[in-house]
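>>> just coords:
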């Protein structure tokens, strides 16, 4: 079987690159080529020669007769299918080729070990680097929290709420409002990554638009992203704004339902997930 080289060294956001990579895997599948993935970044590794993909993922279903001579290089690719069919195509490509390593799965399993018998709801609030991109910026934390309460009121029993956010003030605000309204809400167990890397004042965590936080290593920041992605993928519903983090979670989990506050307020977002 012939191979295709999937190569990335652009300094995009982690999940933006990961999402584009999965698009390229879908193209390789369509062309009958097996992907050989090379992904390098100074934002997400302290070693520019480290293959980011191989650090955190295994490649699956590698054929015994793989021919790596004269490989075609697949550039970033937009699916030819109608956007409302993207999710199935990307979910299939992810399931065929990608498996997270234990370094990710063990972290996620540990976070959810005490929450195995209640519904899991996710909320994703991105309000640092994304806030400087007007077309993609969140409509506002108030709208996100109000919509989250609408979703939580659909449940009568206890629920687990996984909070994925890059911004400490937003997390504090969310918990404050939910506490003030607790008489109208189900019993909520707050679930978070204890090692999450968050900004105290809207400085971007990774330095996509500024210097970024200096309080964590590149690997710690990367594991924080991946933990949020894979934890969100275990939730049955996610209240979200525009973000590649939730896009990748939706590719990992084809059954997760999304409530997109950005779309509800006329902003650009990921309608192909709905």
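Now that the structure is in, tell me what you want to look at. These numbers were taken from a predicted model, which means no experiment stands behind them.
>>> Output the contacting helices and strands for the strand or helix carrying residue 171.
In this assignment (DSSP states H and E), residue 171 forms part of helix 168-180. Here helix 168-180 touches strand 120-125, helix 141-152, strand 159-165, going by 3 or more Cβ pairs under 8 Å, 6 or more residues apart in numbering; DSSP states H and E. Bear in mind the C-beta positions are built from the backbone N, C-alpha and C, glycine included.
>>> show me the contacts for residue 212.
Residue 212 makes contact with 203-206, according to Cβ atoms under 8 Å, 6 or more residues apart in numbering.
>>> Just confirm it is within a helix.
No - counting by DSSP: H, G, I helix; E, B strand; the rest coil, residue 212 is not found in a helix; it is coil.
>>> Report pLDDT for it.
Residue 212 carries a pLDDT value of 72.
>>> With residue 246 instead?
95.
>>> separation between it and residue 37?
Separation of residue 246 from residue 37 (Cβ to Cβ, to the nearest Å): 23 Å.
>>> Who has more neighbours out of these two?
With other Cβ atoms under 10 Å as the criterion, residue 246 and residue 37 differ in neighbour count, and residue 246 comes out ahead with 29 against 22.
>>> burial count for the closest residue to residue 195 other than its chain neighbours?
Of all residues not flanking residue 195 in the chain, residue 224 sits nearest, at 6.5 Å (Cβ to Cβ, 6 or more residues apart in numbering). When neighbours are counted by other Cβ under 10 Å, residue 224 registers 22.
>>> what comes up buried for the helix or strand that contains residue 224?
Assigned by DSSP H and E, residue 224 belongs to helix 218-232. Across helix 218-232, burial judged by 16 or more other Cβ atoms under 10 Å covers 218-219, 221-232.
>>> Nothing else from me, thank you.
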